[in-house]
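Student: Okay, here's the prediction I keep looking at, along with the sequence it came from:
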2 protein chains.
Amino acid sequence: MRLMENAAGRFVPDEINGEGAIPYQGINGYKPEGRKHNPKIKSCSDYPTDGNKLVKNLKTALLKAGLRDGITISTHHHLRNGDLLTNQVFDIIHSLGIKNVRWFPSASFPCHSHLLKYLEDGTINHIEGSMNGPLGEFTSRGKMKGMGVLRSHGGRYQAIQDGEVKIDIAVIAAPTADFFGNATGDRGKSACGLLGFALADSIYAENVIVATDNLVPFPCLPWQIQGNNVDYVVEVDSLGDPSKIVSGTTEVTKSPDRLLIAEYVAEFLDSAGIVKNGFSFQAGAGGTNLAFALFLKEKMKQKKIKARFIRGGSTKYLVEMLEEGLTDYILDGQTFDLEGVRSMRENPNHVNTSPFTSYNYHGKGNFASMLDAVVLGATEVDVNFNANVVSHSDGLLLHGIGGWQNCLFSKCTILAIPSFRDRIPVIVDEVTTLVGPAELIDVIVTERGIAINPKRKDLIKATKKSGLPIKSIGEIKEEVDQLCGKPEKPKFDKSKVVAVVKWVDGTILDSIFAIK
Amino acid sequence: MRLMENAAGRFVPDEINGEGAIPYQGINGYKPEGRKHNPKIKSCSDYPTDGNKLVKNLKTALLKAGLRDGITISTHHHLRNGDLLTNQVFDIIHSLGIKNVRWFPSASFPCHSHLLKYLEDGTINHIEGSMNGPLGEFTSRGKMKGMGVLRSHGGRYQAIQDGEVKIDIAVIAAPTADFFGNATGDRGKSACGLLGFALADSIYAENVIVATDNLVPFPCLPWQIQGNNVDYVVEVDSLGDPSKIVSGTTEVTKSPDRLLIAEYVAEFLDSAGIVKNGFSFQAGAGGTNLAFALFLKEKMKQKKIKARFIRGGSTKYLVEMLEEGLTDYILDGQTFDLEGVRSMRENPNHVNTSPFTSYNYHGKGNFASMLDAVVLGATEVDVNFNANVVSHSDGLLLHGIGGWQNCLFSKCTILAIPSFRDRIPVIVDEVTTLVGPAELIDVIVTERGIAINPKRKDLIKATKKSGLPIKSIGEIKEEVDQLCGKPEKPKFDKSKVVAVVKWVDGTILDSIFAIK
């Protein structure tokens, strides 16, 4: 392995875990030339004619699916921090003495720190997916055997579709399912809303296991996951802890600074002429984003404006907007609270989407670039508008990318961020890890002012007379630096790449190095 | 090309239009070994970021999609005999002087006799799909340039999925769509219910055109066809003649013989113990089948029996059963009348299905084999229970296979047929064309009696004391032959195969020879 400089000026490895890698070539620089992944053709003659694919337990299913050393096992993260199933899967794998598994989750959560021991003993070789919290720190310390790969939600779909990651066994936790494998997340004691993050796995994996704690008679409807893609069905006592799968309620920030940021974002969008009948937006479920949605809602009510669609991560606040007629649709990628789950189950205008429809960059278009505005967070932004969302300025890998990179393609991408956290400035000279190229980041909103990317002359012009505190990003940085001072930089072992960050097209955007 | 004898004792060609062909090897004899078809990987960078894929007209779309000599163009048949779009497509192709196109419809209708002139002048080389009425006769007379290929609905999905037929351009008539290509059939002036027959085309074709006469703002919901699979969208004045797309009403037979057959079928299923809580059935939209559904309905009401699901082709009679609580679900493959369309649009328990879920034999199971009973028609049945549904005893190819072959996998397959038509016996010594192997056909119900396949000892035992006129198939045949005499047999040119009938797994079940 050697490092090479990519189009963003970052040094990235020429191979990942023994396979060749393509360096980032600019936002649209790389054109794929191959064909999609093509799983083996199956025959109904190898499946039960009565449709009953139940096997007695998870271990049996894994063995029937060909569990062996070195294979790739995928899971989804719709059960969030309440997921018990993934841990059970790896307990079984460990008990059978299987080694060197590639774990390919759509995201990981603190509950998966149970798997640290399997990363240590070689049961798991490496993770391709978000390495949050303890798993991220483990990786940053150089302890993971293989090299980690971070992808966006859309990038994960792309990697599966393009055959970049071939899944041997997909294990799909299904809050409700039938014996044929039709499955839904919108009901059952472990209801999580939808199962879109498992869609690619169900279509492209060679072996698909559906595990459920709520088996219903065929047909299970809606069939968010289609039984025609499923090999084995397993009934389990419990998929997880419902209180950690969805929140009872999601909470709006109470911090005066964050509320100010949220208000600035809503004001900015309104001043820029983006908030108008038929518009669309997306905002996450963080406290600032929820506050933004509430400010925006008030504006829309005052001005009698109706959105055509809102993209979720849904929460009760978005559900209220749908039910009060402030939007025609919620196009939802995941539900964050119980109201989101209820609405998705009951309201046909609260629509189940997937990374295929929303984010996959190797499709015939996707929804992300059609959004009028998106409001995101970031861990760092540099003075050129490049941004980071996976590591902090202390150098530790702590977050996954989620849909963040995909959302950057929106018509107006706003990063709503505090200017510093724990006395560490968020605006920096150079980001620790490059995750979002500057060309796609339009506006930075902090409690100290709003910076517009100089490339967006249209936005600068439109908001000139808004009365908002619009400044250059350098000005904001200077203010913050005076307040915080310059924190010490982390020290990296630049010879040891512990993980890479992929761009939405599968090329390598940046490297994450071991912390010294 | 030479003929070889297959496992059913029929002589079939070893190649079709220059490509190798696999002879039928028994119901489950053939095991596919390859991989699914893999279209080229696309990139969002080649599609409009605002999602707007509208081009000015159908001709532009076809040219952009790479229209040229010898390509394969697919269409679907949800507009049935009201389809104007397919004819327009071939008018354009003809006007551009393009030759040798393979037309790959999911079915054809009499309205497509417009295309006879293009079959004659070489614009169309041959049809793979049903060759009904005038197109069938044209084929039977040996006039089609290439060899026709008849597939079931499931076989068509299988052929596309397996790469047996690579579609260059799919043209999808969409009663409602948005500029991104999301499309639905359940609303709009040309509403046809659903678009399931175009699903495989949308996923596997290299170029996908959606044509609509009802363009709505993004997002068009439900998205039965997903815009992420679509290249171009075209707005047209009219897709077709609404009165021929769906019937105002579907009509129950008034013939006393057919009513008797329908009553026998309902009685038989009841006597055999199949009509019980949680059961499932499928019946087509022919007059006899509708009458059967009404007899069954009365039985279910009397006995307070509720089905778990009914498979459509839906009609107002099935919709009434759903609305009266006699079934939990209709799992629908196509809607035959306006009530079917309304119900699918309004009732979440009236569910849109596709040949992928219902019929594809090269999947991980499908719905067809899970059905407790299916009631079908046939043009001929032989004394061994082999059946024909594509040609008549006069030798002319007159019907497509539809879902007929796929439905044979039901737990109890009943052919409900008159014992003769126009003084020609329907029970014969040998079928003109073998479309359904005897092993899968359980019961023949005629107005003269019911014959049970000797292999189904369970059904024979269960209905022994039913009081129904259960006879051997030979006895029924004898009665009919005495009445009708032996009709003259058609004369074929056995050196000229005009079309083949495929089995659900892509192997060749039988040949159709030119009429002398």
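Tutor: Everything's here; your move.

Student: so where's chain A shaky on pLDDT?
Tutor: Chain A contains no residues with pLDDT under 70.

Student: who in the stretch 151-300 of chain A is up against chain B?
Tutor: A:161-162, A:180-181, A:208, A:217-219, A:221-223, A:226-231, A:278 (C-beta under 8 Å from any C-beta of the partner chain). No exception for glycine: its C-beta is placed from N, CA and C like everyone else's.

Student: all strands of the stretch 251-400 of chain A, in order?
Tutor: Using DSSP state E, counting those that start in this stretch, the strands found in the stretch 251-400 of chain A span residues A:280-283, A:307-311, A:327-332, A:350-352, A:373-376, A:380-382, A:387-388.

Student: among these, which is nearest residue B:455?
Tutor: Nearest to residue B:455 among these is strand A:350-352 (44.1 Å), distances taken as C-beta to C-beta.

Student: which other helices and strands contact the closest one?
Tutor: strand A:327-332, helix A:338-346 (3 or more C-beta pairs under 8 Å, 6 or more residues apart in numbering or on different chains; DSSP states H and E).

Student: just to revisit the earlier point, Throw the strands of the stretch 251-400 of chain A into JSON lines and include mean neighbour count, thanks.
Tutor: Formatted as JSON lines, the strands of the stretch 251-400 of chain A follow (neighbours: other C-beta atoms under 10 Å in any protein chain shown):
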{"stretch": "strand A:280-283", "mean neighbour count": "25"}
{"stretch": "strand A:307-311", "mean neighbour count": "24"}
{"stretch": "strand A:327-332", "mean neighbour count": "23"}
{"stretch": "strand A:350-352", "mean neighbour count": "22"}
{"stretch": "strand A:373-376", "mean neighbour count": "26"}
{"stretch": "strand A:380-382", "mean neighbour count": "24"}
{"stretch": "strand A:387-388", "mean neighbour count": "26"}
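
Student: mind checking which of the ones you listed is nearest residue B:507?
Tutor: The closest of the strands of the stretch 251-400 of chain A to residue B:507 is strand A:350-352. By C-beta to C-beta, the value is 37.8 Å.

Student: quick one: strands adjacent to the closest one?
Tutor: Strand pairing for strand A:350-352, determined by DSSP bridges: strand A:327-332 (parallel).

Student: contact partners of the partner strand?
Tutor: Contacts with strand A:327-332, where a contact means C-beta atoms under 8 Å, 6 or more residues apart in numbering or on different chains, come from A:193-194, A:306-314, A:318-319, A:321-322, A:340, A:343-344, A:349-353, A:357-358, A:367, B:219, B:221.

Student: Setting aside sequence neighbours, what's the nearest residue to residue A:340?
Tutor: residue A:314 (3.9 Å; C-beta to C-beta, 6 or more residues apart in numbering or on different chains).

Student: The one you found: neighbouring residues, count only.
Tutor: Here the number of neighbours of residue A:314 (other C-beta atoms under 10 Å in any protein chain shown) works out to 29.

Student: still on that earlier bit, now the residues of the stretch 151-300 of chain A next to chain B: which count as buried?
Tutor: A:161-162, A:180-181, A:208, A:218-219, A:221-223, A:226-231 (16 or more other C-beta atoms under 10 Å in any protein chain shown).
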